[in-house]
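Chemist: 3D model of this:
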Amino acid sequence: MAGAGAAIAVAFAIIGGAVSAAGYIDQKKQQEKAAETNVALAELDIEYIEKQTKTAEERFRDEGEAFKGTQKAVIGHSAAKTTEGTPLLIQQETAARIEQDVLQIKEKGKHEVERLEIEKEYYAEASKQAFTSMILGLGSTFLTSYAKMYRPKTKMPTFGHQNKPYQYLGYPSSPYGYGF
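Modeler: So this is what the prediction gives:
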């Protein structure tokens with residue numbers, strides 16, 4: 001009967017290891033899929049930010065050109081000379097500010113794209129790490145299952161109510177029953 005119990009214990013250890021292994025493999029697949037989805041989303045975000053930045057830059061340049069045209073019309077209507085002096089300085093300063101704002105729009109877009117590139121790399125690395133995690137989990141599961149199947153069947157010393165509790169340890173039992 002003891003042999004049947006040991007066989008059942010070994011079978012349960014094998015089944016438990018297999019179920020755990022299947023769980024690790026499934027978990028790896030889910031982690032990879034989530035990471036790949038996040039990489040794809042980061043790529044879409046990068047495309048979107050690049051388009052939005054270009055559109056904002058073009059729109060701001062167009063608005064700036066319209067403003068400069070209005071500014072020239074106002075200055076021309078005032079009959080001031082537009083080739084020298086304050087009106088020319090105003091036009092130059094306006095053009096410089098427009099370019100400065102366009103550069104800020106570009107830098108903001110570039111910064112956001114760089115952040116998304118880092119995020120994309122992180123998710124790509126997470127996808128690779130899912131495989132490593134699965135291998136470590138499988139190794140741990142199989143080692144634990146193996147240890148459960150083949151651990152030595154040793155007796156532990158007993159203490160208390162039995163006749164000779166310390167004889168297992170090699171101590172002679174006392175005539176008084178205390179094991180000393």
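
Chemist: For stretch 76-95, list the C-alpha coordinates in PDB.
Modeler: Only the C-alpha atoms of stretch 76-95 are listed here, as PDB (Å, rounded to 0.1, in the frame of the first residue of the first chain):
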ATOM      1  CA  GLY A  76       1.700 101.200 -44.600                       C
ATOM      2  CA  HIS A  77      -1.600 102.900 -43.800                       C
ATOM      3  CA  SER A  78       0.200 105.200 -41.300                       C
ATOM      4  CA  ALA A  79       2.400 106.400 -44.100                       C
ATOM      5  CA  ALA A  80       5.600 105.500 -42.100                       C
ATOM      6  CA  LYS A  81       8.600 104.300 -43.900                       C
ATOM      7  CA  THR A  82       8.900 100.500 -43.800                       C
ATOM      8  CA  THR A  83      12.500 100.200 -44.900                       C
ATOM      9  CA  GLU A  84      14.100 101.800 -41.900                       C
ATOM     10  CA  GLY A  85      13.600 102.800 -38.200                       C
ATOM     11  CA  THR A  86      10.900 101.600 -35.800                       C
ATOM     12  CA  PRO A  87       8.500 100.000 -38.300                       C
ATOM     13  CA  LEU A  88      11.300  97.800 -39.700                       C
ATOM     14  CA  LEU A  89      12.500  96.800 -36.200                       C
ATOM     15  CA  ILE A  90       8.900  95.900 -35.300                       C
ATOM     16  CA  GLN A  91       8.600  93.700 -38.400                       C
ATOM     17  CA  GLN A  92      12.000  92.000 -37.700                       C
ATOM     18  CA  GLU A  93      11.100  91.400 -34.100                       C
ATOM     19  CA  THR A  94       7.700  89.900 -35.100                       C
ATOM     20  CA  ALA A  95       9.500  87.600 -37.500                       C
END
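
Chemist: All the helices of the chain, in order from the start?
Modeler: 2-77, 86-150 (DSSP state H).

Chemist: Please tabulate those in TSV, including the columns mean pLDDT and mean neighbour count.
Modeler: For every residue, glycine as well, the C-beta is placed using N, CA and C. Converted to TSV, the helices of the chain look like this (pLDDT from 0 to 100; neighbours: other Cβ atoms under 10 Å):
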stretch	mean pLDDT	mean neighbour count
helix 2-77	83	14
helix 86-150	83	14
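
Chemist: I'd say residue 90 and residue 74 touch.
Modeler: No: assessed by Cβ atoms under 8 Å, residue 90 is found out of contact with residue 74, at 9.9 Å.

Chemist: Would you mind measuring from residue 95 to residue 58?
Modeler: Distance check for residue 95 against residue 58: by Cβ to Cβ, to the nearest Å, it reads 16 Å.
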